[in-house]
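Student: A predicted structure for the sequence below; I have some questions about it.
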Amino acid sequence: MRNLLCFSVLFFTCCHATNLFAAGGGFDSEVEGLIFSARDALKKMVQKEGDSLPRSLRSLSTLALLKAGVEKTDPIVARGITEIVANCGRPYTADSHHYYTAGIEMMALETAAGAEYRDQVQSLATYMMSGQMDNGGWYYPHGSTDELKGRYGDTSISQYAALGLWSAERVGIDIPNKVWNGLVSWHFKTQWEDGGFSYHPPLSAEPTDRMTIAAVGTLMIARAHLHPDATGFGPKKPKKKTRKFGFLEAVDINEEEQSTPAGGRLEEKPINLRQIDVSVLRGLSWIDRRFFVPSSEWPFYHLYTLERSATLTERDSIGGKDWYRVGTGYLKQVGSGGSWSPGKVAGNHSIVTPVTSTSLALLFLSRSTAQAVGKIPGAETFGGGLLAGGRGLPDKLSDVNVINGEVVVKKVDGSLSELLSALDRGGVTDLTQLQTAVITNVRDGDREALQNQYEMLEKLSQHARPDVRKIALWSVARSGDLSKSSKILLRGLKDDDVGVMIEAHNGLCFLSRKFDGYGLGSDPLENATSTMSRQERQNVIREWQQAAVKNWSGWFEHVASYDDQFLSDLD
């Protein structure tokens, strides 16, 4: 990691994955049906296995069913929770899958009832932290000292350690900075020059897609705890004023290099945020360069890991592909009756059964990580992120140039009209060019260019893709025509997608200069908790939506007759 340039990044993407499950309306009917079928199939498999079902699989299936909306009072789920609790004495009683099982059991208890199981989760967390190696990673706890010589750690096990400790913190258990710093430091040391990660560094032959995706997710979890106030992918207050399109400040990591865990300096002071960011971005770049359809080995593990990392990094596409759409399509293709067979796995793994693969598939389908974060840590809403400040980094690092250590978005080709037309035809994959073109037109004061595109913008505001609708609404709010803009934005408030609702609300705040938004706040789920049910979240969103429609409709009726005077005041 020596002599790397580390960037202060203000990162944004159009993904609002957390709202998909919470809103209760983000799944199309086919996917929702698949989820319900998988729930039923998994419950039947677990019931059929009975007492012969290994503990690790009972815990995994319990987590998957909880994430898919099955109540904790369901007999299958209740038995799983009871068995987890029974093993959480002082000390915790581990099974043969040690840290994997412990991580899953912490997630299951946190999902089931949060703080109700705080004592049990504390026992699990103590066990997990005791297994962290001096170098910051985790490895199998069994084996003699001689057998463990040369073993540097396991990227997969370290991932489940992070997941479990994340759940522990969510129920109020303090996890020292030393633990997270050690884990981050271990990933810095094990990352390959090309940005990838391997399974058992340094013994593995080469990086793999599964391990690189896993490592990115782990780094993002640690980042959220070490730097809870950071926004997007970068420090809250960059040292250097952000230029028009977000040139990224180059810093030599060696200037702020911190000691390894063995040095004893990492317990209190978090590892530098920009060091974490550059490691994440290098990992994302590695993933983007490789097609991510699940590989033939461990495909369901791959999908669950993918969902987590894509959600935490706020990406709706990987390698130019909609990862959730592709993953769902794969599951539809290879599944049968709501269940999945294990597929090809490396070595002899008796633990990989239809219960395993169906549980992992269900965790992917139900967007389990999106539920856990509720609102992605550090994320900004669309109106308050890239387009508010005219800055950001594209989903794909291939969309930027690095000049003298600074990252510069590539020049946009084509007029706003051409880009809007391409977007309407589906010709823009990641929207980066369109975002930049819109910013250019607006910040250069060219309202007329936007006003000439009202017909297209209105059409795009009803596009099938929520992220396209959000861009259209942002543009409409800044075009300067009160009457036309308000009507389109008011319609956007009634959208089924919560991200689109938020963008319409933010647009009306901007247009009216009523930045308090009638006291509604910019996120209906701002105060939502992880213990709220899907229906409770949906009710909160609908109440917010109804209040927004009522307030903004009243505002529009009041000012509509004074259109010309109102606009002159804005200018």
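Tutor: Good, I have the coordinates.

Student: what separates Tyr100 from Met106, distance-wise?
Tutor: Distance from Tyr100 to Met106, counting by Cβ to Cβ, to the nearest Å: 11 Å. Where C-beta positions appear, they are placed from N, C-alpha and C, glycine not excepted.

Student: higher neighbour count, the two?
Tutor: Using other Cβ atoms under 10 Å as the criterion, Tyr100 and Met106 rank with Met106 on top: 35 against 24.

Student: what sits against the more buried one?
Tutor: Val121, Leu124, Ala125, Met128, Leu163, Gly164, Leu165, Ser167, Ala168 (Cβ atoms under 8 Å, 6 or more residues apart in numbering).

Student: And Arg308, how far from Asn177?
Tutor: 22 Å.

Student: what about the two, which has more around it?
Tutor: Between Arg308 and Asn177, counted using other Cβ under 10 Å, Arg308 has the larger neighbour count: 27 against 17.

Student: Now do that one, the pLDDT please.
Tutor: For Arg308, the pLDDT comes out at 88.

Student: quick one, domains of the protein?
Tutor: Using automatic domain parsing, the domains assigned to the chain come out as 33-238+256-373, 413-570.

Student: can you give me the helices for the stretch 51-200 of the chain?
Tutor: Ranges of helices in the stretch 51-200 of the chain, per DSSP state H, counting those that start in this stretch, are 55-67, 75-86, 98-113, 118-130, 145-148, 155-170, 177-190.

Student: what's the closest of the ones you listed to Pro354?
Tutor: helix 55-67 (10.0 Å; Cβ to Cβ).

Student: just checking, what packs against the closest one?
Tutor: Other helices and strands packing on helix 55-67, by 3 or more Cβ pairs under 8 Å, 6 or more residues apart in numbering; DSSP states H and E, are helix 29-49, helix 75-86, helix 98-113, helix 354-365, helix 368-373.

Student: Reformat those helices into CSV and put mean pLDDT and distance to Asn135 next to each item.
Tutor: Listed next are the helices and strands packed on helix 55-67 as CSV, based on pLDDT from 0 to 100; distance: least, Cβ to Cβ, whole Å:
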stretch, mean pLDDT, distance to Asn135
helix 29-49, 87, 37
helix 75-86, 94, 30
helix 98-113, 92, 15
helix 354-365, 91, 29
helix 368-373, 68, 27
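
Student: now the ones you listed as CSV including distance to Asn551?
Tutor: Compiled in CSV, the helices and strands packed on helix 55-67 are given as follows (distance: least, Cβ to Cβ, whole Å):
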stretch, distance to Asn551
helix 29-49, 32
helix 75-86, 41
helix 98-113, 35
helix 354-365, 36
helix 368-373, 28
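
Student: For Trp298, which of these is the nearest?
Tutor: Of those, nearest to Trp298 by Cβ to Cβ is helix 354-365, at 9.1 Å.

Student: List the contacts of that closest one.
Tutor: 31, 34-35, 38-39, 41-42, 45-46, 49, 53, 57, 60-61, 63-65, 67-68, 300-301, 303-304, 306-307, 327-328, 331, 335, 338-343.

Student: Are any of those buried, and if so which?
Tutor: 31, 34-35, 38-39, 41-42, 45-46, 49, 53, 57, 60-61, 63-65, 67-68, 300-301, 303-304, 306-307, 327-328, 331, 335, 338-340, 342-343 (16 or more other Cβ atoms under 10 Å).

Student: Quick one: closest of the helices of the stretch 51-200 of the chain to Gln451.
Tutor: helix 55-67 (46.2 Å).

Student: got the CA positions of the closest one in CSV?
Tutor: Extracted C-alpha coordinates of helix 55-67, given in CSV (Å, rounded to 0.1, in the frame of the first residue of the first chain):
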residue,chain,number,x,y,z
ARG,A,55,-26.9,-25.8,14.4
SER,A,56,-25.2,-23.5,11.9
LEU,A,57,-27.9,-24.2,9.3
ARG,A,58,-30.7,-23.7,11.8
SER,A,59,-29.2,-20.3,12.7
LEU,A,60,-28.7,-19.3,9.0
SER,A,61,-32.3,-20.3,8.1
THR,A,62,-33.6,-18.4,11.1
LEU,A,63,-31.9,-15.3,9.9
ALA,A,64,-33.1,-15.7,6.3
LEU,A,65,-36.7,-16.2,7.4
LEU,A,66,-36.6,-13.2,9.7
LYS,A,67,-35.2,-11.0,6.9
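
Student: Taking helix 29-49 as reference, get the angle to it.
Tutor: Angle, helix 55-67 to helix 29-49, by axes from the mean of the first three to the mean of the last three Cα atoms, to 10 degrees: 150 degrees.

Student: How confident was the prediction at Gly234?
Tutor: So Gly234 comes in at 33 (pLDDT).

Student: hang on, I meant Arg447
Tutor: pLDDT, Arg447: 61.

Student: sorry, back to before: out of the contacts of Met106, the closest to Leu490 would be?
Tutor: Ser167 (40.5 Å).

Student: ok, that closest one to Leu63 distance?
Tutor: 10 Å.

Student: Run through the stretch 51-200 of the chain and note the low-pLDDT ranges.
Tutor: 142-151 (pLDDT under 70).

Student: now with 80?
Tutor: Within the stretch 51-200 of the chain, the stretches with pLDDT under 80 are 90, 114-115, 142-152.

Student: shared neighbours of Ser167 and Leu63, anything?
Tutor: Counting by Cβ under 8 Å, 6+ apart, the residues touching both Ser167 and Leu63 are Met107, Thr111.

Student: Excluding chain neighbours, give the residue nearest to Leu53 in space.
Tutor: Once flanking residues are discounted, Leu53 sits nearest to Val46: 6.2 Å by Cβ to Cβ, 6 or more residues apart in numbering.

Student: Determine the set of other helices and strands touching the longest helix belonging to the chain.
Tutor: For the chain, the longest helix by residue count, based on DSSP state H, is helix 534-559. With contacts taken as 3+ Cβ pairs under 8 Å, 6+ apart, helix 534-559 sits against helix 18-22, helix 482-493, helix 498-512.

Student: Out of these, which gets the lowest mean score?
Tutor: Among the helices and strands packed on helix 534-559, helix 18-22 scores lowest, with a mean of 33.

Student: neighbours around Gly69, how many?
Tutor: 16.

Student: residues in contact with Ile76?
Tutor: Lys43, Val46, Gln47, Ser61, Thr62, Leu65, Val70.

Student: Next: Arg282.
Tutor: Taking Cβ under 8 Å, 6+ apart, one finds Gln191, Gly195 in contact with Arg282.

Student: Distance of it relative to Pro270?
Tutor: 20 Å.

Student: How about Ala94?
Tutor: The value you get for Ala94 to Pro270, if Cβ to Cβ is used, is 30 Å.

Student: So Tyr301 sits against Arg210, correct?
Tutor: Yes - the criterion here is Cβ atoms under 8 Å, and Tyr301 meets it with Arg210 at 6.5 Å.

Student: Next, give phi and psi for Lys321.
Tutor: phi -120, psi 140 (degrees, to the nearest 10).

Student: Give me the residue ranges of the stretch 351-500 of the chain where confidence is low.
Tutor: Looking along the stretch 351-500 of the chain with the criterion set at pLDDT under 80, you get 351-352, 368-454, 465, 467, 478-483.
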